[in-house]
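Q: Sequence and predicted structure below; questions after.
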Amino acid sequence: MRNWIWLLGLMGILTVNNDTYGDEGMWLFNQVPSAYLKEQHNFEPTAAWLDHLRLSSVRFNSGGSGSFVSSRGLVMTNHHVGADALQKMSSSERDLLASGYYANSEQEELPCVDLELNVLIQIRDVTDKVNAAVTKDMTPADAQVARRGVINTIESEAREATGLRSDVVTLYQGGQYHLYQFKRYTDVRLVFAPEQDIAFFGGDPDNFEYPRYCLDICFFRVYENGKPAQIEHFLKWSAAGVQDQELIFVSGHPGRTSRSLTVAHLEMIRDVVMPQTLDLLRRREVLLSTYAERALENERRAKD
């Protein structure tokens, strides 16, 4: 997920009952079809509701999403999202992936290596500004260079003006360009991670099933000035859980979507990209297996 362009959005709706299904919809926070939701589900999200949900959602720079779940910077995510941080913090003497970790107090929370969490503060449409850099007589290659140049300028100017991380993302295959500005948390500490055996119980087959019988969860905490960050927007626990016929919105930072791809594009992925990817993965599997057989420490590293 590291090389994907990041989007922040609401990923569909689920209606909870005995025949759970996913309703169509994957929307950016600034393009939520409120009228459609009102018509189809008798629910109309307000601007305040959307802002609260967006500001409660975090992005991991290692790839993945999470949520603030307390006013003291506590973040909940999946174990596989936190696995990269666990691997970097592990050694031959202490394998956090295998054995897990639990901090009995904030003083025992472990600083993570190279981990940064981002919160999307604002979105601005810069489509016209990016397109203005392209003229009709440009070749596709020249047009791409021109767009990249103005995007770099937009990001640099926005970063200098606000101090926020500023990324221009490409939407709808270049149909739109939006400037996303993030607050960065660079002091992130591990609070809890279960053992790998229970976190990934059932393996990859169970990873795509529901319900799952595993503990695919990790908790981190963000700090500012050496203290737990004071968070205004966070998601509260529901002791009652979900009810029949209740709407469920999933918020996060999906890497990409194939919903708008053409049939020709999907056929190219099926016939060209996927076979090449499978071949590459098979080669990597052989190399990693050979590397892992040489030493126990190599085996631990190969699991990353």
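A: Right, received. Where do you want to start? Numbers count the residues shown, from 1 in each chain.
Q: use CA for all of it now, contacts and neighbours both
A: Noted.
Q: Go ahead and name everything in contact with stretch 186-200.
A: 79, 96-103, 106, 109-112, 114-117, 207, 214-224 (Cα atoms under 8 Å, 6 or more residues apart in numbering).
Q: and with 6 Å instead?
A: When contacts are defined by Cα atoms under 6 Å, 6 or more residues apart in numbering, stretch 186-200 is touched by residues 97-103, 109-112, 116, 214-216, 218-223.
Q: Just the buried positions in the helix or strand Pro275 falls within, please.
A: Element membership for Pro275 (DSSP states H and E) is helix 274-292. By neighbour count with 16 or more other Cα atoms under 10 Å, helix 274-292 contains the buried residues 288, 291-292.
Q: which helices and strands does it pack with?
A: The contact analysis (3 or more Cα pairs under 6 Å, 6 or more residues apart in numbering; DSSP states H and E) places helix 274-292 against helix 296-302.
Q: and the helix it packs on, what does it pack onto?
A: Helix 296-302 sits against helix 274-292, with contacts defined as 3+ Cα pairs under 6 Å, 6+ apart.
Q: Leaving out sequence neighbours, find the closest residue to Leu50.
A: What sits nearest to Leu50 in space, not counting adjacent residues and going by Cα to Cα, 6 or more residues apart in numbering, is Phe29, at 6.9 Å.
Q: And the pLDDT at the one you found?
A: On pLDDT, Phe29 comes in at 91.
Q: distance of it from Tyr210?
A: When distance is defined by Cα to Cα, to the nearest Å, Phe29 is 26 Å away from Tyr210.
Q: between the two, which one's more packed in?
A: Between Phe29 and Tyr210, Phe29 has the larger neighbour count (other Cα atoms under 10 Å), namely 18 against 8.
Q: Could you measure from that one over to Arg159?
A: Distance from Phe29 to Arg159, by Cα to Cα: 21 Å.
Q: Equivalent analysis for Asp167, please.
A: Counting by Cα to Cα, the gap from Asp167 to Arg159 is 9 Å.
Q: one step back: tell me which of the contacts of stretch 186-200 fall in strands.
A: Applying DSSP state E to the contacts of stretch 186-200, the entries found in strands are 101-102, 110-111, 218-223.
Q: Neighbour count and distance to Glu155 added to those residues, as a markdown table?
A: Formatted as a markdown table, the entries for these read as follows, by neighbours: other Cα atoms under 10 Å; distance: Cα to Cα, whole Å:
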| residue | neighbour count | distance to Glu155 |
| --- | --- | --- |
| Tyr101 | 19 | 38 |
| Tyr102 | 14 | 39 |
| Leu110 | 18 | 33 |
| Pro111 | 18 | 29 |
| Cys218 | 24 | 32 |
| Phe219 | 22 | 31 |
| Phe220 | 23 | 29 |
| Arg221 | 27 | 28 |
| Val222 | 25 | 25 |
| Tyr223 | 19 | 26 |
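Q: May I see the buried residues of the helix or strand harbouring His178?
A: Taking DSSP H and E as the criterion, the element that holds His178 is strand 176-185. Residues of strand 176-185 classed as buried by neighbour count (16+ other Cα under 10 Å): 177-185.
Q: What of stretch 165-179?
A: By neighbour count on 16+ other Cα under 10 Å, the buried set for stretch 165-179 is 165-170, 177-179.
Q: again with stretch 198-214
A: Buried-residue list, stretch 198-214, by 16+ other Cα under 10 Å: 198-201, 214.
Q: Straight-line length of that stretch, end to end?
A: Distance across stretch 198-214, first residue to last, is 6 Å (Cα to Cα).
Q: Show the average pLDDT along that stretch.
A: Computed over stretch 198-214, the average pLDDT equals 85.
Q: Quick check: which ranges of the protein have low pLDDT?
A: Along the chain, segments meeting pLDDT under 70 span 1-24, 304.
Q: quick one, domains of it?
A: Following automatic domain parsing, one finds the domains of the chain at 9-260, 261-304.
Q: what's the most buried one of those domains?
A: Greatest average neighbour count among these goes to domain 9-260 (a mean of 16), per mean count of other Cα atoms under 10 Å.
Q: Convert the C-alpha atoms of stretch 254-262 to PDB, please.
A: Output in PDB follows, covering the C-alpha atoms of stretch 254-262 (Å, rounded to 0.1, in the frame of the first residue of the first chain):
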ATOM      1  CA  PRO A 254      -8.200   3.500   1.200                       C
ATOM      2  CA  GLY A 255      -5.300   3.200  -1.200                       C
ATOM      3  CA  ARG A 256      -7.300   3.000  -4.400                       C
ATOM      4  CA  THR A 257     -10.500   1.800  -6.000                       C
ATOM      5  CA  SER A 258     -11.200   0.000  -9.200                       C
ATOM      6  CA  ARG A 259     -14.900   1.100  -9.400                       C
ATOM      7  CA  SER A 260     -14.400   3.600 -12.200                       C
ATOM      8  CA  LEU A 261     -12.000   1.400 -14.300                       C
ATOM      9  CA  THR A 262     -13.000   0.500 -17.900                       C
END
